[in-house]
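Undergrad: Everything below, folded, please.
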Amino acid sequence: MASENIAAIRIMGWAHSGQECSRSILSDRGPALYFSGVNARTEVYSPLQNAAVWLAAWLYGHESTDALVSALTDLGGDHHYAGQPLAHLLREVRSEADLDTEGPAVRLILSGPGQPPELPAGSPAAAALGEAGAVVIRGHAGANHILIPEYGDNGTQWRWFEEHERLPEPAWLSPGEADALLSRATNEAAVLIEAAGGIRSDLPNPRLTVGTLADFYDTPGLPMRTPPRAAKLFARADAVAAVVETVVDTLGDHSFDPHLFALWRHIRTARMAGVADAVLDYQRGD
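TA: Coordinates of the predicted model:
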């Protein structure tokens, strides 16, 4: 974790170096890529990560229905599906899920710039996919049930799509592989940012802001049976995500995005890999 902390502080330092640094990137390297319409948090965080883990723990009998409902409520308020309360959605999920076939019965799908969703191109599910991503429940006879939430001030509305075409294969990275990629991307971003503008030596300590955001990402926590490998990967992704959000919000300038672009992708990949690892662990019943 030490290398990530050092890289995080270096990235934070570059953010505090100000607008002159941003202008120097444009003049020295030509036009930069901007994603001014992109919200940093939606690129690095989705409540669907923890929701998917809780759903899998419940399906495999490691968490009670009451615990699942409580966690989902903490994550998204009141949940509704087809005009009915959450219980209706859970009954449908329980009925359709294939828990016996080898491999994870629950998948998290996240996407963003440079990372298309692992859904059939042009499918209704792909067209409906929002910023939060999707949870895929493996069904019987080759069916995939794609659950897409819409989080709002009045709770969460779910849409359900059924797809019989084989879904694009994910990276299937182990937690260790995903962690290594995230660590390398963090350090590479720090090097690029420092080379572009340098850092100031009189920076305030960013830990308070980053720590506050990390606390937000950790709410409401994970099931007790979450394997340590997955929990560690989620924690690493949360820490880097908090730094990315702090960097963007500190200056309010998306000229950072060319340097943070790869980080966004690796954060999402780490979250998906962590969910897959947790689901496989629940399936084994270790």
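
Undergrad: low-scoring stretches of this structure, by residue?
TA: Along the chain, the model assigns pLDDT under 70 to residues 1-44, 189-220, 246-257, 259, 286.

Undergrad: Tell me where the longest helix sits in it.
TA: helix 257-284 (DSSP state H).

Undergrad: buried residues in that one?
TA: 257-283 (16 or more other C-beta atoms under 10 Å). From N, CA and C alone the C-beta is placed, and that goes for glycine too.

Undergrad: roughly how far apart are D100 and G139?
TA: 12 Å (C-beta to C-beta, to the nearest Å).

Undergrad: Which of the two has more residues huddled nearby?
TA: Shown here are D100 and G139; by other C-beta atoms under 10 Å, G139 has more neighbours (19 against 9).

Undergrad: what's near enough to touch that one?
TA: 96-98, 145, 162 (C-beta atoms under 8 Å, 6 or more residues apart in numbering).

Undergrad: same check, this time on L108
TA: By C-beta under 8 Å, 6+ apart, the neighbours of L108 are 48-49, 52, 133-136, 271-272, 275-276.

Undergrad: pretty sure it belongs to a strand, no?
TA: Yes. Counting by DSSP: H, G, I helix; E, B strand; the rest coil, L108 falls inside a strand.

Undergrad: Neighbours of G77, how many?
TA: 14.

Undergrad: Would you quantify the distance from it to L108?
TA: G77 is 20 Å from L108, by C-beta to C-beta.

Undergrad: coming back round to it: just the buried ones from the contacts of G139, in PyMOL syntax?
TA: In PyMOL syntax, the buried subset of the contacts of G139 is picked out as below (16+ other C-beta under 10 Å):
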select buried, resi 96+97+98+145
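
Undergrad: Pull the contacting residues for the residue nearest to Q283 when sequence neighbours are not counted.
TA: Leaving aside its chain neighbours, Q283 sits nearest to Y60 (6.1 Å; criterion: C-beta to C-beta, 6 or more residues apart in numbering). Y60 is in contact with 99, 279, 282-283, 285, counting by C-beta under 8 Å, 6+ apart.

Undergrad: Adding distance to R184, write the residues you listed out as JSON lines.
TA: Output for the contacts of Y60, formatted as JSON lines (distance: C-beta to C-beta, whole Å):
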{"residue": "L99", "distance to R184": "35"}
{"residue": "V279", "distance to R184": "25"}
{"residue": "Y282", "distance to R184": "29"}
{"residue": "Q283", "distance to R184": "30"}
{"residue": "G285", "distance to R184": "33"}
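
Undergrad: Looking at the residues you listed, which is nearest S64?
TA: Proximity to S64 was ranked across the contacts of Y60 by C-beta to C-beta; first place goes to Y282, at 14.1 Å.

Undergrad: Counting neighbours, what do you get for the residue lying closest to F161 once chain neighbours are set aside?
TA: Counting by C-beta to C-beta, 6+ apart, F161 lies nearest to A125, which is 3.9 Å off, once chain neighbours are set aside. Other residues near A125 come to 23 when the count uses other C-beta under 10 Å.

Undergrad: Show the contacting residues for A125.
TA: A125 touches 119, 134, 146, 148, 161, 163, counting by C-beta under 8 Å, 6+ apart.

Undergrad: In CSV, list those along with secondary structure and neighbour count.
TA: Below are the contacts of A125 laid out as CSV (DSSP: H, G, I helix; E, B strand; the rest coil; neighbours: other C-beta atoms under 10 Å):
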residue, secondary structure, neighbour count
L119, coil, 25
A134, strand, 26
I146, strand, 25
I148, strand, 23
F161, strand, 19
E163, strand, 19
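
Undergrad: Of all pairs in these, which one spans the longest distance?
TA: I148 and E163, at 11.7 Å, using C-beta to C-beta across the contacts of A125.

Undergrad: Domain ranges for the chain, per the record?
TA: 2-42+172-284, 47-53+66-163 (automatic domain parsing).

Undergrad: Please tell me how far the closest residue to V106 other than its chain neighbours sits from L147.
TA: Leaving aside its chain neighbours, V106 sits nearest to A56 (4.1 Å; criterion: C-beta to C-beta, 6+ apart). A56 sits 12 Å away from L147, going by C-beta to C-beta.
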